[in-house]
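K.L.:
Task: produce atomic coordinates for the following.
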Amino acid sequence: MLEKDLRSKIDKLWNLFWSGGIANPLTAIEQISYLIFMKRLDDMDFKRKADAEWLHKEYKSIFPDEKLRWSQWKHMEAEGMLAHVRDQVFPFLKNMQGNGEGNLSRHMKDAVFMIPKPSLVVEAVEIIDGLHIMEQNQDTQGDLYEYLLSELQSSGKNGQFRTPRHVIKMMCALVNPKLGESVCDPSCGTGGFLIGAYQHILRSNTSADRIIIQEDGTEHGLVGDKITDSKVWDF
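P.N.:
Numbering: from 1, shown residues only. Next comes the predicted model:
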């Protein structure tokens, strides 16, 4: 059984990918797995090096460049980290040689790095670092992966393929709900479209100079300052 703290971090990681625009559970678990693999490669390489030193043997790192290590690039700023992982680390991962198992690229040939936002990479790296996977025993490591896979299974069974926020925003803009109109979503789930419609109405009735847009597209300052008393009554 996975400890509550670790379950909470996995849940946070899962929700982070959804809110970051990756709503398909299968895609989310693929991207999370790639990051975990990058982390474990670095951890295992350090362990093998330490073991070799203790046995007074030579050891050649699997990393041709130190900058490909998780422990190195995790300190980069957001924009640089995304570009480095996408353009340098992930291609290395796809083409690295396995130990006696042939080229891993045959297993990774269809793999695509799909994390779209710098902030998402940074937050995901922080959470995965906090899992301390290398420090866990084998049973706990197995439980971590099983719990992650269980999230995929339950999402599929329950039809919880949540619509990304940017798609909700686009659809609300196309429908263009207005004050006084009714909005209905019979299969609302967590209410993403209802909230999106509400925010669209507020945005349409807020002065442009009051709206603040963050890096991830989140809008603040939707105060509806253009809404008059009569409009509020109609609404």
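K.L.:
Would you agree L131 is in contact with K9?
P.N.:
Yes: between L131 and K9 there is a contact at 5.8 Å, judged by C-beta atoms under 8 Å. C-beta coordinates here come from the backbone N, C-alpha and C atoms, glycine included.
K.L.:
Look at stretch 198-210 and report the distance between its end residues.
P.N.:
The straight-line separation of the ends of stretch 198-210 (C-alpha to C-alpha, to the nearest Å) is 17 Å.
K.L.:
Tell me where the longest helix sits in this structure.
P.N.:
Longest helix in the chain, counting residues (DSSP state H): helix 25-54.
K.L.:
centre of the chain versus it, how much separation?
P.N.:
Put simply, helix 25-54 sits 17 Å off its chain's centre (C-alpha atoms, centre = their mean, to the nearest Å).
K.L.:
Compute the distance between the closest residue to L222 other than its chain neighbours and M114, please.
P.N.:
Nearest residue to L222, sequence neighbours excluded (C-beta to C-beta, 6 or more residues apart in numbering): L202, at 4.0 Å. L202 sits 31 Å away from M114, taking C-beta to C-beta, to the nearest Å as the criterion.
K.L.:
What is the neighbour count of R40?
P.N.:
15 (other C-beta atoms under 10 Å).
K.L.:
tell me the pLDDT at it?
P.N.:
You'll see R40 listed with a pLDDT of 89.
K.L.:
Tell me which residues touch it, please.
P.N.:
133-134 (C-beta atoms under 8 Å, 6 or more residues apart in numbering).
K.L.:
Please repeat the previous calculation with a cut-off of 10 Å.
P.N.:
70, 128, 133-134, 141 (C-beta atoms under 10 Å, 6 or more residues apart in numbering).
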